[in-house]
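[1] mind folding the following:
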Amino acid sequence: MKPFKTIDEQIEILKNRQLKFINEEAAKSNLISYGYYEIVNGYKDYLLISSNPDVFKDGSTFEHLFSLYTMDKGFQEAVVNATLEFELILKSAMSYVIAETYSSDQNKYLIKSNYKTGKVRQNKDGTKYFEIDSTFIKFNKIINDEIEPFKHYRLVHENTPPWILFKGATLGNMMHFFKLQKRDVKDKVISIIFDIPLEIIRADKENVIRNLFSDLLSLAFKFRNRSAHSGRIYNYKAENTSVRYNQILHGRMKIDEALYRNNFGVNDLYTLFCGFTFLKNKLIALKLSVNLQYALNKHLELYPEDTVDLIECIGYPNYNSEDSTDAIFNKVFFNKNN
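    Numbers count the residues shown, from 1 in each chain. Down below sits the predicted model:
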């Protein structure tokens, strides 16, 4: 167990590890406001000597470390906002298609046979259940919740339509429920969200469009969870999630199969942004782009020497010194320069 350390003791530990302080009082204030673990443990790796991870590189300052922390907080906020908007359009499209397909009557659209059963799971007591069973248990809890608007629809209308039910669902709930839809429903949802004619999706024998949407949904879910829990974002690679290589996304990103094999366009922040450029709602990618650029540029104004490393960390391929952060995002935004 690590013992408690006062702020002064924390400062002394960092000094002993060769970290410099430009304004020690400001550093103390930031440490007590945000915490040693969040600032130092979260971002120290960027400034540590690779051969001696207990010592900071020559000339490293607490202010540099805190600027990285601040930049990444901006990234986290940008990702949370973008994925919230994505969640809203997903819920809207799914509620529309499900109501159109099965009715808005909960006794009709909440019939398990309308959906795939999903994988078999096992409880701690050994009993088995399907994924659709756990999804319906969650939906039933939402319908019977005592908060509004669920209570109102249950008591007054005696029915909870999908657009009300989904207000109580998480992005994770919606992701799993989407995967349990039959192909025709999935195709209609993708058509609405990507603004691609249904006949084009149905004619896609290699499932390129379907795979792109499914992979983007999983990637957005992982980044949402990471950001919502204040996890480091700038160099985050979504665990157990890989965007499959396809010419639609990676062609736009200028990533060939060789770059893809080197982990570009797989599960990083830049891939998430590029995936969002395919949405009908272009404001989601636009706002994400602006917010990421703002946070990144504020840091690079102070520490321009970090440019190459940070741009590589977010997953941008083929960087050259002539690329501004604006140019980086605009190369794929709205399919520019393609």
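[2] gap between F75 and Y34?
    If you measure F75 against Y34 using CB to CB, to the nearest Å, the figure is 16 Å. C-beta here means a position set from N, CA and C on the backbone, and glycine is covered the same way.
[3] residues contacting stretch 44-57, please?
    14, 17-19, 60, 64-65, 68, 309 (CB atoms under 8 Å, 6 or more residues apart in numbering).
[4] quick one: distance of it to the chain centre.
    How far stretch 44-57 lies from its chain's middle: 28 Å, per CA atoms, centre = their mean, to the nearest Å.
[5] pLDDT on it, on average?
    If you average the pLDDT over stretch 44-57, you get 92.
[6] tell me the buried residues in that stretch?
    44, 46-48, 56 (16 or more other CB atoms under 10 Å).
[7] out of those residues, what pair is the most spread apart?
    Greatest spatial distance among those (CB to CB): Y46 and F56, at 10.0 Å.
[8] state the helix or strand in which the residue nearest the centre of the chain lies.
    Nearest to the geometric centre of the chain sits F223, at 2.3 Å (CA atoms, centre = their mean). For F223, the enclosing helix or strand under DSSP states H and E is helix 208-228.
[9] remind me, longest helix of the protein?
    For the chain, the longest helix by residue count, based on DSSP state H, is helix 62-102.
[10] now the helices for the stretch 151-300 of the chain?
    Ranges of helices in the stretch 151-300 of the chain, per DSSP state H, counting those that start in this stretch, are 162-165, 171-179, 183-194, 198-202, 208-228, 247-253, 257-261, 269-276, 282-302.
[11] is F221 in contact with F178, as I believe?
    No - the pair F221 and F178 does not pass the contact test of CB atoms under 8 Å, sitting 10.5 Å apart.
[12] tell me the secondary structure at K2.
    Following DSSP: H, G, I helix; E, B strand; the rest coil, the label given to K2 is coil.
[13] now for the helices of the stretch 151-300 of the chain, which one comes closest to K91?
    Nearest to K91, of all the helices of the stretch 151-300 of the chain, is helix 171-179, at 6.1 Å by CB to CB.
[14] can you list contacts of the closest one?
    With CB under 8 Å, 6+ apart, helix 171-179 has contacts from 83, 86-87, 90-91, 94, 115-116, 118, 131, 135, 138, 166, 169, 186, 189, 214, 217-218, 220-221, 224-225.
[15] please repeat the previous calculation with a cut-off of 6 Å.
    Defining contact as CB atoms under 6 Å, 6 or more residues apart in numbering, one finds that helix 171-179 is touched by 87, 90, 135, 138, 217, 221, 224.
[16] you'd agree the third one is in a helix?
    What it means is T135. Yes - with three-state DSSP as the criterion, T135 is part of a helix.
[17] next up, the contacts around it.
    By CB under 6 Å, 6+ apart, the contact set of T135 is F177.
[18] what's the helix holding F223 packed up against?
    Here helix 208-228 touches helix 62-102, helix 171-179, helix 247-253, helix 269-276, going by 3 or more CB pairs under 6 Å, 6 or more residues apart in numbering; DSSP states H and E.
[19] make JSON lines out of the ones you listed and add mean neighbour count, distance to K2 and mean pLDDT.
    Below are these laid out as JSON lines (neighbours: other CB atoms under 10 Å; distance: least, CB to CB, whole Å; pLDDT from 0 to 100):
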{"stretch": "helix 62-102", "mean neighbour count": "20", "distance to K2": "19", "mean pLDDT": "98"}
{"stretch": "helix 171-179", "mean neighbour count": "18", "distance to K2": "32", "mean pLDDT": "97"}
{"stretch": "helix 247-253", "mean neighbour count": "18", "distance to K2": "42", "mean pLDDT": "92"}
{"stretch": "helix 269-276", "mean neighbour count": "25", "distance to K2": "31", "mean pLDDT": "96"}
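[20] so which of these comes closest to R232?
    Of those, nearest to R232 by CB to CB is helix 62-102, at 5.9 Å.
[21] could you give the angle of the closest one to helix 282-302?
    170 degrees (axes from the mean of the first three to the mean of the last three CA atoms, to 10 degrees).
[22] centre of the chain to helix 62-102, how far?
    Taking CA atoms, centre = their mean, the mean C-alpha location of helix 62-102 is offset from the chain mean by 6 Å.
[23] quick one: low-confidence ranges for the protein?
    333-338 (pLDDT under 70).
[24] looking at it, which strand is longest?
    Longest strand in the chain by number of residues, with DSSP state E as the criterion: strand 52-56.
[25] got the contact list for F213?
    By CB under 6 Å, 6+ apart, F213 lies in contact with I190.
[26] try it again with 7 Å
    The neighbourhood of F213, defined by CB atoms under 7 Å, 6 or more residues apart in numbering, consists of 190, 194.
[27] got it, and the one 10 residues further on?
    When the contact criterion is CB under 7 Å, 6+ apart, the partners of F223 are 79, 83, 238, 272.
[28] now the first one: how far from L292?
    What that stands for is V79. Distance, V79 to L292, using CB to CB: 8 Å.
[29] which other helices and strands contact the longest helix of the chain?
    helix 42-43, helix 106-109, helix 162-165, helix 171-179, helix 183-194, helix 208-228, helix 282-302 (3 or more CB pairs under 7 Å, 6 or more residues apart in numbering; DSSP states H and E).
[30] contacts only, for the closest residue to L216 other than its chain neighbours.
    Leaving aside its chain neighbours, L216 sits nearest to G275 (4.0 Å; criterion: CB to CB, 6 or more residues apart in numbering). Counting by CB under 7 Å, 6+ apart, G275 touches 216, 219, 249.
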